[in-house]
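Undergrad: got a predicted model here, sequence first, then my questions.
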Amino acid sequence: MAISSALLLGGVATAQKIAFEEYNLDNGLHVILHQDNSAPVVITSVMYHVGSKDENPNKTGFAHFFEHLLFEGTKNIKRGEWFNIVTANGGINNANTSDDRTYYYEVFPSNNLELALWMESERLMHPVINQIGVDTQKEVIKEEKNSRYDNQPYGKIIQAVKENLFINHPYRWTTIGSTEHLNSAKLEDFKAFNQKFYVPNNAVLVVAGDFEQKQAKEWIQNYFGPIKKGTSIQRETFVEKPITETIKATHIDPNIQIPMLVTAYRTPSMKSRDARVLDFISAYLSDGKSSKLYKKIVDNKKIALQIGAVGFNQEDYGMYILYGLPMTNFTNKDLLKEIDEEIVKIQTDLISEKDYQKLLNQFENQFVNENSSVEGIAENLAKYYLLYGDINLINNDIDIYHSITREEIRSVAQKYLNQNQRLILDYIPTPEKNEN
């Protein structure tokens, strides 16, 4: 939800239409081609429709684990050689996992497209899942969890929010999952997960950049065509009851000295129009140092060291999380009072025409910026196809934002941001450290 106000410095950019071609292989793999010959670079990416929400609640962390495990090697790529092959051929690669999907990509000089396609087909067709690879990555994940979450100040905010906002939905656990679940999992559990989710009919392949389309199609057919179609995945639907009473919770973090106020709202699917209106509201209230909350609470009243927000736009539900660090002699209650006053204003009055135009400009610039690189285009093509179910949003999602009215902003704030619809989380130090 956060949009950098710095994007406004150059005025409002104009979005260029993204051209693409899409088709399916017989095994169900969806293919998207976007040609851009402006630079001799090509991106090859595969997005799999599997994230932490697809996990067994007693075996969490598998989706993120596979993001690491599937670099271990394949039938034809020796263990430890993946990254060496990429760098030796002038490329870079990476992967990331969310609650909803896992994304792998390579960026190569355009003359190495065939290599990239072969490597991604190897990952899908011939992964080596053995005990040494699993044991190695368990240690990697354990270290990542310790450094980024368990021992990081304020590192468990998202975990604490999720645990309280979601009761039935798998969004209730974090993407990194449980170390205990990974440690207790058997090799057969990992193989079963791969067999279920890493199938061509659960993925989208994107090739974007400088390439010749006829040749690319031949290589795609040669390398991905022989992969067998997987069993259709039956996904369970999880519905959360509306929040009608304020949820109050406390989380003790031994790594901090200053308490933090966290208040969070459960929001609708990112595919909904209301989610886009909430993006506007988030930017208006809490996007950077020019936002209403920052100017009021940090700059003017000086009752907080920091105030901010993070939005999670997800396939089934989203989250809008506001947080603040109170100055000495002020409390979390003081911050909450100021936040609530600003939310009531947006629920009661229309935002000014000036602020409304600023929002339109911000989102126009963000939309252009996200499609300003071939890498960004590749990921957005995959995202809009796989998660939104409408690839054409890569060109017309901004039209939805343009159609949002000031009256709609007020109405959606009234619908989702009420005091009885939220979590209030006191994120505090251990008692002996908490002097407030």
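TA: Everything's here; your move.
Undergrad: so what's the spatially closest residue to residue 82 that is not a sequence neighbour up against?
TA: Of all residues beyond its chain neighbours, the one nearest residue 82 is residue 71 (5.0 Å), with distances taken as Cβ to Cβ, 6 or more residues apart in numbering. Every C-beta, even on glycine, is put in place using the N, C-alpha and C of the backbone. Going by Cβ atoms under 8 Å, 6 or more residues apart in numbering, residue 71 touches 82, 83, 95.
Undergrad: next, residue 71: secondary structure please.
TA: Secondary structure, DSSP: H, G, I helix; E, B strand; the rest coil: residue 71 is coil.
Undergrad: quick one: it and residue 370, what's the gap?
TA: Computed as Cβ to Cβ, to the nearest Å, the residue 71 to residue 370 distance reads 26 Å.
Undergrad: residue 90 too?
TA: 26 Å.
Undergrad: who has more neighbours out of those two?
TA: residue 370 (16 against 12; other Cβ atoms under 10 Å).
Undergrad: the more buried one reaches residue 380, doesn't it?
TA: Yes - the pair residue 370 and residue 380 qualifies as a contact (Cβ atoms under 8 Å) at a distance of 6.2 Å.
Undergrad: other SSEs contacting the lowest-mean-pLDDT helix or strand in the chain?
TA: Lowest on mean pLDDT, DSSP states H and E among the helices and strands of the chain sits strand 304-312, with a mean of 92. Here strand 304-312 touches helix 273-286, strand 317-326, helix 332-348, going by 3 or more Cβ pairs under 8 Å, 6 or more residues apart in numbering; DSSP states H and E.
Undergrad: who does that strand pair up with?
TA: Partners of strand 304-312 in the sheet, by DSSP bridges, are strand 317-326 (antiparallel).
Undergrad: next, the buried residues of the partner strand.
TA: Along strand 317-326, these residues count as buried under the neighbour rule (16 or more other Cβ atoms under 10 Å): 317, 318, 319, 320, 321, 322, 323, 324, 325, 326.
Undergrad: which phi and psi does the closest residue to residue 167 other than its chain neighbours have?
TA: Among residues not flanking residue 167 along the chain, residue 240 sits closest, at 6.4 Å (Cβ to Cβ, 6+ apart). Dihedral angles of residue 240 (phi, psi; degrees, to the nearest 10) stand at phi -100, psi 140.
Undergrad: list the contacts of residue 240.
TA: Contacts of residue 240 were listed using Cβ under 8 Å, 6+ apart, and they are 166, 167, 168, 169, 266, 317.
Undergrad: buried among those residues? Need that as a selection in PyMOL.
TA: Buried members of the contacts of residue 240, defined by 16+ other Cβ under 10 Å, are picked up in PyMOL with:
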select buried, resi 166+169+266+317
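Undergrad: out of the contacts of residue 240, who's nearest residue 424?
TA: Lowest distance from residue 424 to the contacts of residue 240 (Cβ to Cβ) belongs to residue 266, with 13.4 Å.
Undergrad: wait, doesn't the closest one sit right on residue 314?
TA: No - Residue 266 lies out of contact with residue 314 (Cβ under 8 Å); the separation is 10.6 Å.
Undergrad: please work out how many residues are found near residue 27.
TA: Applying other Cβ under 10 Å, we find 16 residues neighbouring residue 27.
Undergrad: surely it touches residue 201?
TA: Yes - applying Cβ under 8 Å as the test, residue 27 and residue 201 come out as touching, 6.5 Å apart.
Undergrad: one step back: how distant is the least confident helix or strand of the chain from the center of its chain?
TA: Strand 304-312 has its C-alpha centroid displaced from the chain centroid by 17 Å (Cα atoms, centre = their mean, to the nearest Å).
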